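[1] sequence and predicted structure below; questions after.
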Amino acid sequence: MTLVVYPGTDASCTIYEDDGTTFNYRRGEWMKLALNWDDAARRLVVKLAPGSRMLPPLRRKIEVRLAREKATRVIEFDGKPASLQL
């Protein structure tokens, strides 16, 4: 997964994920990631959204880059809050 951050203001969003093929989300097999961008600090924080749990793979590499820049940075997310200074 690659996230592109458009700086200029603080922002937050969630990313929803399930297996994409079954109705197992009804049994709680889904995950939401909460992302928060602090523009002044130029910091992205990724954590599990309330009520969510980590789905396999239990360690994920998320590529992050600022808009208009080619260089990417990586957050290794394992279910615990992680942050990245851009």
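    Perfect, thanks for sending it.
[2] OK, contacts around residue 78?
    Contacts for residue 78 (C-beta atoms under 8 Å, 6 or more residues apart in numbering) come out as 54, 58, 59, 60. Placement of C-beta: from N, CA and C, glycine included.
[3] the closest residue to the last one other than its chain neighbours: neighbouring residues, count only.
    Leaving aside its chain neighbours, residue 60 sits nearest to residue 77 (4.9 Å; criterion: C-beta to C-beta, 6 or more residues apart in numbering). The criterion is other C-beta atoms under 10 Å. On that basis, residue 77 has 19 neighbouring residues.
[4] let me see the contact set for residue 77.
    Applying C-beta under 8 Å, 6+ apart, one finds that residue 77 lies in contact with 33, 46, 59, 60, 61, 62.
[5] circling back: would you turn the contacts of residue 78 into TSV with distance to residue 24?
    As requested, these are exported to TSV (distance: C-beta to C-beta, whole Å):
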residue	distance to residue 24
54	15
58	17
59	21
60	19
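[6] assumed residue 83 was part of a helix.
    No. Assigned with DSSP: H, G, I helix; E, B strand; the rest coil, residue 83 falls outside any helix and is strand.
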